[in-house]
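Peer 1: predicted model, plus sequence, below.
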Amino acid sequence: DAGVIQSPRHEVTEMGQEVTLRCKPISGHNSLFWYRQTMMRGLELLIYFNNNVPIDDSGMPEDRFSAKMPNASFSTLKIQPSEPRDSAVYFCASRSSYSPLHFGNGTRLTVT
Amino acid sequence: TQLLEQSPQFLSIQEGENLTVYCNSSSVFSSLQWYRQEPGEGPVLLVTVVTGGEVKKLKRLTFQFGDARKDSSLHITAAQPGDTGLYLCAGEKRGGADGLTFGKGTHLIIQP
């Protein structure tokens, strides 16, 4: 099992640019979560999907953030326009019903 | 307001010593999970506790869930350098339907 796959591993971009983070969940998992991790705030849940449908996006900080899950094997988190305060490590995680959460290795985003 | 408070935030001890880290909340959780995260990687699940008062052991690690299901502790016996990492607790409010709420974690360093 390849685990949850995220790309890119690192992203450096300038303020105002669009950033797209990608995630491939574990095959068979029906729930997908996007988290953001910073030293100040720890791991924060941004949005999660069940069966490709967004269930709770109350953690998305602003309208600049959007997430999609067009099918069971792919999800994107987009930031447009990006700002320096968006710099963080973004994690994708997946699970099946009542099974453990599996995290990817994250995308480290730096916005200058 | 942080739903889950972890203490201490940072802990550096010598190899062979014992330690306890804590995870406290004013909320009741249906289950509580402990994760360990190493640099450049996503959190990895160590254990899930479900029943109030439950104690689980994983080699030299002992996990306890409070009777009221609001708090938990992790005790490590005879710590080793390989135990170094970020230890995160995470609470689940309902039976797998919602995303986990994470504490900020305890950064643990075991010095040889």
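Peer 2: Yep, it's here. All values reported here derive from a predicted model rather than from experimental measurement.

Peer 1: my read is that A:Phe91 contacts A:Gly106, right?
Peer 2: Yes - assessed by CB atoms under 8 Å, A:Phe91 is found in contact with A:Gly106 at 4.7 Å. Where C-beta positions appear, they are placed from N, C-alpha and C, glycine not excepted.

Peer 1: list residues touching both of those two?
Peer 2: A:Gln6, A:Gln37, B:Gly42 (CB atoms under 8 Å, 6 or more residues apart in numbering or on different chains).

Peer 1: report pLDDT for the nearest residue to A:Thr38 once chain neighbours are set aside.
Peer 2: Closest residue in space to A:Thr38, ignoring its immediate chain neighbours: A:Ala88 at 4.7 Å, by CB to CB, 6 or more residues apart in numbering or on different chains. Note on A:Ala88: pLDDT of 98.

Peer 1: tally up the residues packed near A:Ala88, please.
Peer 2: A:Ala88: 20 surrounding residues under other CB atoms under 10 Å in any protein chain shown.

Peer 1: how far away from the center of its chain is the worst-scoring helix or strand of chain B on mean pLDDT?
Peer 2: None of the helices or strands of chain B scores lower by mean pLDDT, DSSP states H and E than strand B:101-102, at a mean of 90. Taking CA atoms, centre = their mean, to the nearest Å, the mean C-alpha location of strand B:101-102 is offset from the chain mean by 11 Å.

Peer 1: helices and strands around the next helix or strand after that strand, which ones?
Peer 2: Scanning forward in sequence from strand B:101-102 by DSSP states H and E, the next helix or strand is strand B:106-111. For strand B:106-111, the packing partners by 3 or more CB pairs under 8 Å, 6 or more residues apart in numbering or on different chains; DSSP states H and E come out as strand B:10-14, strand B:19-24, strand B:85-92.

Peer 1: deepest of those strands, which one?
Peer 2: Burial of those is given as mean neighbour count (mean count of other CB atoms under 10 Å in any protein chain shown); strand B:85-92 ranks first at a mean of 23.

Peer 1: low-confidence stretches in chain B?
Peer 2: Scanning chain B for pLDDT under 70 picks out the ranges B:1-2, B:94-98.

Peer 1: for it, which residue gets nearest to chain A?
Peer 2: B:Gly42 (2.9 Å; CB to the nearest CB).

Peer 1: count of neighbours near that residue?
Peer 2: Going by other CB under 10 Å, the residues that sit close to B:Gly42 add up to 23.

Peer 1: I'd assumed it was in a strand, is it?
Peer 2: No - according to DSSP: H, G, I helix; E, B strand; the rest coil, B:Gly42 belongs to no strand; its state is coil.

Peer 1: please list all residues in contact with the closest residue to it other than its chain neighbours.
Peer 2: Spatially, and ignoring its direct neighbours in sequence, B:Gly42 is nearest to A:Phe103 (2.9 Å; CB to CB, 6+ apart). When contacts are counted by CB under 8 Å, 6+ apart, A:Phe103 is found next to A:Val4, A:Tyr35, A:Phe91, A:Cys92, A:Ala93, B:Gly42, B:Pro43, B:Val44.

Peer 1: return the member of these nearest to A:Asn52.
Peer 2: Of all the contacts of A:Phe103, A:Asn52 sits closest to A:Cys92, with 14.1 Å by CB to CB.
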